[in-house]
Structures are given as C-alpha cells and as structure tokens.
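Undergrad: Sequence isn't available, so here's the structure alone:
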C-alpha cells in the first residue's frame, strides 16, 4: 500500500521528479539564485489564519457566511481572542504583520470572498456544518483507493448543506492567495480531488455518516482570497466525479517513485527542483504556460494588461546588467523588452545565459512587459 500526502500525490501525477525529496547540497558557485517569496507566503499564511478563525469560532456557531461578521473580528469584543489566536499561529508559521490595522485591511478581501460564496452556495440548501483546517491525521491512514492511503494533510474548509429533500452537498474549499493564471493550477486541482476522496472514504471528516454518503453530492472549489479587495474573487470549480479522481490517483501511483521529469505548465516554485542548486534541466521555454520569447505572448490579447503569475525561462541575446534600482531590461529580439522588477543584486548576464524567473508578469504594449520577480536563477 502506497502511503503519502495529498500534496505529494498531486506532484507525482504531474511529474515523477517533482514528487521526489530534494537533498540540500551546497550552492553551486557561479549560478546565483534568490527568492522574494517570504512576504507573499506570510500574507497567504495570515489570510488562511483569519479564515480559519472566522470559520471555526464564528461561522460554525451561527451556520451562516456573512462578511459583516468578519468585520467584527477586529472590533473591541473579538480582537483580543483573534490576536491571541494569531500570536499562537505565528509561533509555528510566520504571518507577517498581525497588527489590528493590517488585519482590518486584509479582512476587506476576505469579507468579499465570504459574501460571494454565500450567494453562490445558496443553491445547495441550508448550511448545516462548517469546519476549517480539517486534519487528515485521524490516527489511521485513509484509504483513497485499493493501493493508496493518505496519512497527513489539512483541508482548508468544508461546508455541508442539506436541501428540502434531505439530499446533502459537501463543498470542499482550498483557499488560494491568487488564481491569476488558471493554466498552471492543475496541481491544486489534484490536491483538492484527493481531499474529496478522503471525505468519501472517511465521512466523519465532514460530520456525516457512511450511510449518508449515498445521498451526498460533492463539490470542490479553488477560491481566491488575495489580491485587491476591490476586485471580485476568482473561483474555479474542480471535477469531483469518480472517474477523474481515479485517473489522477492511478497515474500518481504509477509515477510516485519515478525520477523522470515531465515539464509543463505545472513547473513552478511549487516544485522544489525548479530553483534548487541541482535544478531540473528538463524545463524549457516552450514547455511553460508563458513563453516570453514567442510571438504568442507578444501578440495574444489575453496577455495584455493582465497580471499573470508564472515561471518563465529565456536565453540572453545580448550582455545585460542587472542592478539595484536599475531598469534591468532584457532584450528579447524584435525590439521586445522585459523589465525585471525587485532585483536587489548586481550581476552581468553574459550572452547565451539561460535565466529562469518566477513572478507576476504583465504585457503593457506590443513590445514591453514588466515582471515582478519572486524567484530568480541563472541556469547556465
């Protein structure tokens, strides 16, 4: 019996190499890399923690999803309990700024997401159960197929609805700080499919019985809780039919111990090999969701004035200097320029150097794009 986490199964489904543990060899000289991920990770951690507090301590008691309740979390009556909760969370996982003022600002987008979900989920009936950060560590591994069991992991949120015919709908949610580039989300879709199968195998995770499974429908969504509070939250529904989940699990089991790399749109910092010292060499420019050296990126309207988070890779055509405060212009031919933001080091990029970068990219004009860099590595 293969025993794993939902996260590693998702990686194995996409790429055998991605699922393999990575040793931490000393950095290779001459191939610098850096990361700005800490700030965004802290922001994501804080948003998850605020959602957890709201669902566990407020919504689960009222059995209602109301953004106004979240606004009250920073009020006089609740702030003390919330602050203590965040302080405890902060000891194990950095949440960044947990001041009352910052939490009030962050809650604006979370309130918008909760109100949006409340309206969207009315069709499922009456809300009868809510839980958050549902642990899969039940003391006994959960069998999700004849050959696979899951022994650890946490489900961000579970909602249970009952309609007038006593039919049950279980909604499984995975909160995401951003969903700007849907083409790169397959790993998260697989992960939430694993959570659905866990509940189907162990119904008590959603406070229902084995007998009720026969009248239970399952829904799964990736829900955006980051970004500008003025924008409508993005929500992506994930297939929960048995055939889709079985296909995912079967492929994941086949590739679980494989070290073969399968590059594709899923390549990102989610793969520990992407920016490691012993990095994956199978990633190519045209295997990624965005190829900044292709005509498609510079001509297709879907890339214009739309901020997308992605990993890109390109070859330096002319010697280029990167420096703090510089314009940091990458010339990509045909008078096309990519300006790299957030560079905090000095480096001369030689001609034919291969660069791997991850961050938020936006095309402002037919020949100009900007990228806010969060991960950077010189490949060769």
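TA: Alright, I've got the coordinates. This structure is a prediction, so every number in the text was calculated from the model and none was measured.
Undergrad: Let me see the ranges of the strands in the stretch 251-380 of the chain.
TA: Using DSSP state E, counting those that start in this stretch, the strands of the stretch 251-380 of the chain run over 308-315, 320-322, 329-331, 337-341, 347-349, 354-365, 368-378.
Undergrad: Please identify the buried residues of the third one?
TA: Judged by neighbour count (16 or more other C-beta atoms under 10 Å), strand 329-331 contains these buried residues: residue 330. No exception for glycine: its C-beta is placed from N, CA and C like everyone else's.
Undergrad: from now on call the first residue 55
TA: Shifting the count to begin at 55 puts that one at strand 383-385.
Undergrad: Now do that strand: which elements does it pack against?
TA: If you count contacts as 3 or more C-beta pairs under 8 Å, 6 or more residues apart in numbering; DSSP states H and E, strand 383-385 packs onto strand 374-376, strand 391-395.
Undergrad: Give me the contacts around it.
TA: The contact list for strand 383-385 (C-beta atoms under 8 Å, 6 or more residues apart in numbering) reads 368, 370, 371, 372, 374, 391, 392, 393, 394, 409.
Undergrad: go with 6 Å
TA: Contact with strand 383-385 is made by 371, 372, 391, 392, 393, as judged by C-beta atoms under 6 Å, 6 or more residues apart in numbering.
Undergrad: Am I right that residue 232 is in contact with residue 280?
TA: Yes: at 5.0 Å, residue 232 and residue 280 qualify as touching, with contact defined as C-beta atoms under 6 Å.
Undergrad: out of these two, which sits in the busier spot?
TA: More neighbours surround residue 280 than the other of residue 232 and residue 280, with 21 against 16 (other C-beta atoms under 10 Å).
Undergrad: Ramachandran angles for that one?
TA: The phi and psi values for residue 280, taken as degrees, to the nearest 10, are phi -110, psi -170.
Undergrad: what's the closest non-adjacent residue to it?
TA: Leaving aside its sequence neighbours, residue 280 sits nearest to residue 231 (C-beta to C-beta, 6 or more residues apart in numbering; 3.5 Å).
Undergrad: gap between residue 99 and residue 188?
TA: Counting by C-beta to C-beta, to the nearest Å, the gap from residue 99 to residue 188 is 18 Å.
Undergrad: Kindly reformat the strands of the stretch 305-434 of the chain as a markdown table containing mean pLDDT and distance to residue 152.
TA: A markdown table is the format used below for the strands of the stretch 305-434 of the chain (pLDDT from 0 to 100; distance: least, C-beta to C-beta, whole Å):
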| stretch | mean pLDDT | distance to residue 152 |
| --- | --- | --- |
| strand 362-369 | 95 | 25 |
| strand 374-376 | 94 | 34 |
| strand 383-385 | 96 | 37 |
| strand 391-395 | 96 | 27 |
| strand 401-403 | 93 | 35 |
| strand 408-419 | 95 | 24 |
| strand 422-432 | 94 | 22 |
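Undergrad: tell me what the longest helix anywhere in the chain is packed against?
TA: Taking DSSP state H as the criterion, the chain has its longest helix at helix 154-175. Applying 3 or more C-beta pairs under 6 Å, 6 or more residues apart in numbering; DSSP states H and E, we find helix 154-175 packed against helix 121-125.
Undergrad: hmm, 7 Å instead?
TA: helix 91-108, helix 121-125 (3 or more C-beta pairs under 7 Å, 6 or more residues apart in numbering; DSSP states H and E).
Undergrad: Nearest to residue 427 among these would be which one?
TA: helix 91-108 (10.6 Å; C-beta to C-beta).
Undergrad: hmm, back to that, so which of the helices and strands packed on helix 154-175 is nearest residue 332?
TA: Closest to residue 332 of the helices and strands packed on helix 154-175 is helix 91-108 (C-beta to C-beta; 19.3 Å).
Undergrad: Compute the inter-axis angle for that closest one and strand 422-432.
TA: Computed with axes from the mean of the first three to the mean of the last three C-alpha atoms, to 10 degrees, the direction of helix 91-108 lies at 100 degrees from that of strand 422-432.
Undergrad: Downstream of helix 91-108, the next helix or strand is which one?
TA: Following helix 91-108 in sequence order, the next helix or strand is helix 114-116 (DSSP states H and E).
Undergrad: where are the low-confidence patches of the stretch 55-204 of the chain?
TA: Residues of the stretch 55-204 of the chain that meet the criterion pLDDT under 70 lie in 77-92.
Undergrad: Can you name the residues in contact with stretch 191-204?
TA: By C-beta atoms under 7 Å, 6 or more residues apart in numbering, the residues outside stretch 191-204 that reach it are 55-60, 190, 205-206, 248, 251-252, 255-256, 303, 307.
Undergrad: right, and residue 250 touches residue 273 too?
TA: No: counting by C-beta atoms under 7 Å, residue 250 sits too far from residue 273 to count as a contact (8.7 Å).
Undergrad: Those two - which one has more neighbours?
TA: Using other C-beta under 10 Å as the criterion, residue 250 and residue 273 rank with residue 250 on top: 25 against 17.
Undergrad: Since that was my last question, I'll sign off now.
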